[in-house]
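**Q** Pasting the sequence and the predicted model now:
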Amino acid sequence: DHGLSEADPEVRAIINKEKERQFKSLELIASENFTSRAVMEAVGSCLTNKYSEGLPGKRYYGGNEYIDELEILCQKRALAAFHLDENKWGVNVQPLSGSPANFEVYTAILNPHDRIMGLDLPHGGHLSHGFMTPKRRVSGTSIYFESMPYRLDESIGLVDYDMLEKTATLFRPKLIICGASAYPRDFDYPRMRKIADAVGAFLMMDMAHISGLVAASVVADPFEYCDIVTTTTHKSLRGPRGGMIFFKKDPVLGVDLESAINNAVFPGLQGGPHNHTIGGLAVCLQHAQSPEFKAYQNQVVSNCRALARRLVELGYTLVSGGSDNHLVLVDLRPLGIDGARVEKILDMASITLNKNSVPGDKSALVPGGIRIGSPAMTTRGFTEKEFTAIADFIHEGVQITIEAKGLASGSKVQEFLKFVSSPDFPLTDKVSN
Ligand code: PLP
């Protein structure tokens, strides 16, 4: 049995290149992070060899005594990391990732074509919250369920709760989804709870982006108000790639969420759990209870604020004017450029971030903004000082993009030609003769 370098040098070389790319660039994608060596050790372990369909104590395969021990430990740590009472909340740690976790919730509590409301994708929501365009039902969620997204109040960049309330009263959704992929502020959970109660809907929070911040109590706690909370495990939480679903143990709207959700995960939509991921997740969730983790999350938020502050100083327009969490959304449209070009130029400068639509955008392919996140570089020890410097680097990239766009559009050369063709230009006559 050989190690990777010997067994497959080709794959080893690609991994080495990717590792170098990760460590030689400023990683500012808000949904990414660097997980720990301990988590990676668990993920790269023999746990990947085992089949264990079912739940601890109720498996469809033999040989699961240690896998049961691991999954129970992971569940306990998940509840502890989010400060939950085991009598009131349960968790399923088997979802393969964030999108499957969300679809499993929908499968558990909805019938096909039931109505849902999530934040619209161009306003910061996630595909799996029901995204569709006037022409196409893009996400599986909008194919199998009737989706009526809610949106931001574009003038202030915050969720338009009044409009959500009005629309929900008419649309009567069975599920309202809080949570986003590009929203720099907390959700108003008490308000969303009130709206959900008024129309008899379940309230779910997809805290994928902010789960690390929630565990460290540096943002509002969705568990106080929601019936179901889903998350990915690889973003601010800094674990392996995976997903979790937390559910209230008492029935909600007559539904036993525990059995409905567990059955939707398996056998509803998945087969054998990825035990290596569950092992890595257990490691991450223990760390998530430590004082170091809390300090890290506080730093994530302070760094993001420092970044936002400097960008505002430099004259940038931020959606909602700033940030309460780990990301800022910069609206580049006042500068006459788009996020796609800036992403490309910054990529060439080893600064990795992503183009992002901002409220009012016409095109999702050439969106008017960029999203910048602080979790990954905070893991690498950056503080406010370095994040202020990052804002300056980004500014430089934006200036270059503006210059390059002017040059590429030909407008500079056109101006120049106008000048050389003018009667004031001494060579004109000679050339035309
Ligand atoms: N939910 C939110 C809010 C997300 O931002 C994402 C991913 O970016 C997901 C769900 C989906 O997670 P995954 O990519 O693991 O399916």
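**A** Yep, that arrived. Numbering: from 1, shown residues only.

**Q** Near the ligand, which residues of the stretch 151-300 of the chain are found?
**A** When proximity is defined by CB under 6 Å from any ligand atom, the stretch 151-300 of the chain lies next to the ligand at Gly179, Ala180, Ser181, Asp206, Ala208, His209, Thr232. Bear in mind the C-beta positions are built from the backbone N, C-alpha and C, glycine included.

**Q** The second one is in contact with Pro122, isn't it?
**A** No. Here Ala180 does not reach Pro122: they are 11.6 Å apart, not a contact under CB atoms under 8 Å.

**Q** So for the two, which sits in the more crowded spot?
**A** Neighbour comparison, Ala180 and Pro122: the larger count goes to Ala180, with 27 against 22 (by other CB atoms under 10 Å).

**Q** what does the model give the closest residue to the more buried one other than its chain neighbours for pLDDT?
**A** The spatial neighbour of Ala180 that comes closest, neighbours along the chain excluded (CB to CB, 6 or more residues apart in numbering), is Gly124 at 4.3 Å. Note on Gly124: pLDDT of 94.

**Q** Gly124 and Val420, how far apart?
**A** 48 Å (CB to CB, to the nearest Å).

**Q** okay, these two: which has more neighbours?
**A** Taking neighbours as other CB under 10 Å, Gly124 and Val420 compare with Gly124 leading, 28 against 12.

**Q** mind listing the helices in the stretch 101-250 of the chain by residue range?
**A** Taking DSSP state H, counting those that start in this stretch as the test, the helices found in the stretch 101-250 of the chain are 140-144, 161-171, 189-199, 211-215.

**Q** got CSV for the ones you listed, with distance to Asp338 and mean pLDDT too?
**A** Putting these into CSV (distance: least, CB to CB, whole Å; pLDDT from 0 to 100) gives the following:
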stretch, distance to Asp338, mean pLDDT
helix 140-144, 26, 93
helix 161-171, 27, 98
helix 189-199, 32, 98
helix 211-215, 29, 98
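
**Q** Please identify the most buried of the ones you listed.
**A** Mean neighbour counts were compared across the helices of the stretch 101-250 of the chain using mean count of other CB atoms under 10 Å; the top stretch is helix 211-215, at a mean of 27.

**Q** Please export the C-alpha coordinates of that one as CSV.
**A** Output of helix 211-215 as CSV, limited to C-alpha atoms (Å, rounded to 0.1, in the frame of the first residue of the first chain):
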residue,chain,number,x,y,z
SER,A,211,-23.0,29.2,11.6
GLY,A,212,-19.6,29.8,13.1
LEU,A,213,-20.7,33.2,14.2
VAL,A,214,-23.9,31.8,15.7
ALA,A,215,-22.0,29.1,17.6
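
**Q** What is that helix packed up against?
**A** Contact here means 3 or more CB pairs under 8 Å, 6 or more residues apart in numbering; DSSP states H and E; on that basis helix 211-215 packs against helix 291-313.

**Q** in its sheet, what does the helix or strand following the helix it packs on sit against?
**A** Scanning forward in sequence from helix 291-313 by DSSP states H and E, the next helix or strand is strand 317-318. Neighbouring strands of strand 317-318 in its sheet, by DSSP bridges, are strand 327-331 (antiparallel).

**Q** ok and the strand it pairs with relative to helix 291-313, angle-wise?
**A** Relative orientation of strand 327-331 versus helix 291-313 (axes from the mean of the first three to the mean of the last three CA atoms, to 10 degrees): 20 degrees.

**Q** List of residues touching the helix or strand following strand 327-331?
**A** Helices and strands here follow DSSP H and E; after strand 327-331, the next one along the chain is helix 339-348. Residues from elsewhere that reach helix 339-348 (CB atoms under 8 Å, 6 or more residues apart in numbering): 332, 352-357, 365-370, 394, 397-398, 400-401, 404-405.

**Q** Check stretch 405-419 too.
**A** With CB under 8 Å, 6+ apart, stretch 405-419 has contacts from Gly336, Ile337, Arg341, Phe425.

**Q** hmm, 10 Å instead?
**A** Leu335, Gly336, Ile337, Asp338, Arg341, Val342, Ile345, Glu403, Phe425 (CB atoms under 10 Å, 6 or more residues apart in numbering).

**Q** Which neighbours do Ala180 and Pro122 have in common?
**A** Common neighbours of Ala180 and Pro122, using CB under 10 Å, 6+ apart, are Leu152.

**Q** before we move on, back to that, is it possible to get CSV of the residues of the stretch 151-300 of the chain next to the ligand that adds pLDDT?
**A** Formatted as CSV, those follow (pLDDT from 0 to 100):
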residue, pLDDT
Gly179, 98
Ala180, 97
Ser181, 97
Asp206, 98
Ala208, 98
His209, 98
Thr232, 98
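
**Q** Just among these, which is most surrounded?
**A** Within these, most neighbours by other CB under 10 Å means Asp206, with 31 neighbours.

**Q** what residues are up against it?
**A** By CB under 10 Å, 6+ apart, Asp206 lies in contact with 98-99, 101-102, 105, 118-119, 125-126, 128-129, 177-181, 222, 226, 228-232, 243.

**Q** So which of those residues are in strands?
**A** Those of the contacts of Asp206 mapping onto strands are Ile177, Cys178, Ile228, Val229, Thr230, Thr231, Thr232, Gly243, per DSSP state E.

**Q** And those, which of them are buried?
**A** Buried members of the ones in strands among the contacts of Asp206, counted by 16 or more other CB atoms under 10 Å: Ile177, Cys178, Ile228, Val229, Thr230, Thr231, Thr232, Gly243.

**Q** check contacts around the second one.
**A** I take that to be Cys178. By CB under 10 Å, 6+ apart, the residues touching Cys178 are 118-119, 125, 129, 159, 186-189, 192-193, 196, 203-207, 222, 225-226, 229.

**Q** Could you rerun that using 8 Å?
**A** Residues in contact with Cys178, defined by CB under 8 Å, 6+ apart, are Leu119, Phe187, Tyr189, Met192, Leu203, Met204, Met205, Asp206, Pro222, Cys226.
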